[in-house]
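Asker: from the sequence below, what's the structure:
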Amino acid sequence: MSDLDTAALRRALADQLADGGHLHTRQWRTAVESVPRHEFLRAGFFERVIGPGPTAWRPVPAESRGWLVRCYDDESFVTQVAGTIAPADIRGEILREPTSSSTLPSLVVRMLEDLQVEDGHQVLEIGTGTGYSTGLLCHRLGDDHVTSVEVDPEVSVRAATSLGTCGYYPDLVVGDGLAGHKDGAPYDRVIATCSVLAVPPAWVEQTRPGGIILATITGWRHASGLARLTVGDDGTARGRFLDGTVSFMLARPQAPPPLGMLPDFGSGEERRARLAPTLLTDPAARFVAQLAAPRAQRLTLPGPSGTEHVLLDVDAGAWAALLPGGEERWTVRQGGPGRLWDDVEEHLLRWQADDAPPLAAFEIEVSPEGQRVAWAGA
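Answerer: The predicted structure is shown next:
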C-alpha cells in the first residue's frame, strides 16, 4: 500500500477518534494524522484465539493479509507474551500471559488530551512499549522534550528502531520506570502507560510544582482508575480520578506473588456474610474492596454447592472463602491473621451508606507518608 493510502488510514483513524469523543485538539489530531502506527507494529502482533479453555494467542505477521488495515483499528494489540516471546518467535498458538502491547489509540489519545501538555513542556513517559505514544508526544512537543523509560531492553530497542524510522529521536531509557529518570528532571508532565499499585514517590519528586502526573491506579484484583494529580509546593501530589474505564498491564516489579500451596479453605471461622461477592462485578465496588484489602488476590474454585469466591493475601497468610447458600445467601470462612472479608464489608457498607459514589468521585493524595485514596467525604 502506498504512502498516500496509509495517510488515508491515519486520517480515517483521526476521524474515528474525534467522532468517539476522544480526540479534541488540533495539535493531537495533527499528530495522529502524521504518526504511522503500522511502523510500530512491524514485528507483528498476537491475536486472541476465540474458543473454550485457557486464553491462547497466535501471531499475525507484518505484511500478512489485512495486517496494515488492522494496524489502524481502534484496538489493542499484544506484542509480547511471557516476558520474551515476540510474534516472529512462534508458529501456531501459545498459552502464556501478555507482557507488552500496543494500546488502543482511543485510550492513548484520551490520555494525551487529559495530560494537558503545552508547548515547551518536558514530559516523562513510563513504559515506552512499541513507541507509538512516544511518537505522538515527539510530534506534538519535539524530541528534546520527551523522555521515555522502558524496563525491557528488547522492547526498547524495537521502539527505538520504529521511532527512528519515523524520524523521532527522544531520550529512551532502559530501566525501572517506577524510579522515573532523575537525570532528566524536573518534568512538567509524567504519564504512565502501565498501571501501578501506588504512585511512586520518585514521580512526585521529579515533577516540578504545578506539574501533572497521569497514572492508572490498580491492584491485584484488576480494579483500575485513571488518576490525574497536581504536585504542590509542599511536595504532595493531589488529584481525582477521571471518568471512563482504563486498563493497563501492571508494572512488572509490582506483579503479585505466586499463590503457592493454598490453605485449607474448609477451616477457619465461619459466619453468614452481610454482602455477596457478586457485588464486586461493579467496578467501583471492586475498587473499594481493593482499597480494603490491597494485598489480596481473588480466585474462584468449584465447590459442592457452587462456585466459591476466595480472597487470599499470600504474604500475610490471611484468606476468606465465600460459599453460596440458598435464597442468595452466602457464608464466609476466614483464616490467618486478620479478617479480609470483615475489612471488605466494612468499606463497602460505608461506601453504600454514602450513596455508592462512582470512581470519578474518588480523591487521591500522595505524600512522603504514602498514598491515600478515598471517595469525597469519606
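Asker: not counting sequence-adjacent ones, nearest residue to residue 160?
Answerer: Closest residue in space to residue 160, ignoring its immediate chain neighbours: residue 172 at 5.4 Å, by Cβ to Cβ, 6 or more residues apart in numbering. For every residue, glycine as well, the C-beta is placed using N, CA and C.
Asker: beta partners for that neighbour?
Answerer: Residues in a beta bridge with residue 172, per DSSP bridges, are residue 148.
Asker: and residue 217, by the same measure?
Answerer: Bridge pairing for residue 217 - DSSP bridges - gives residue 196, residue 225.
Asker: that one reaches residue 372, doesn't it?
Answerer: No - using Cβ atoms under 8 Å, residue 217 is not in contact with residue 372, being 11.5 Å away.
Asker: hey, what's in contact with both of those two?
Answerer: Common contact partners of residue 217 and residue 372 (Cβ atoms under 8 Å, 6 or more residues apart in numbering): residue 364.
Asker: those two: which is more packed in?
Answerer: Using other Cβ atoms under 10 Å, the more surrounded residue of residue 217 and residue 372 is residue 217, with 25 against 13.
Asker: gap between that one and residue 230?
Answerer: Counting by Cβ to Cβ, to the nearest Å, the separation of residue 217 from residue 230 is 16 Å.
Asker: what of residue 298?
Answerer: Counting by Cβ to Cβ - residue 298 and residue 230 are separated by 33 Å.
Asker: try residue 348
Answerer: As judged by Cβ to Cβ, residue 348 and residue 230 stand 30 Å apart.
Asker: so those two - more neighbours on which side?
Answerer: Comparing residue 348 with residue 230 by neighbour count (other Cβ under 10 Å), the higher total belongs to residue 348, at 22 against 15.
Asker: any chance of the backbone angles for residue 9?
Answerer: Backbone torsions of residue 9, given as degrees, to the nearest 10, read phi -60, psi -40.
Asker: what about the closest residue to it other than its chain neighbours, is that helix, strand or coil?
Answerer: Leaving aside its sequence neighbours, residue 9 sits nearest to residue 72 (Cβ to Cβ, 6+ apart; 4.3 Å). Under the three-state scheme (DSSP: H, G, I helix; E, B strand; the rest coil), residue 72 adopts coil.
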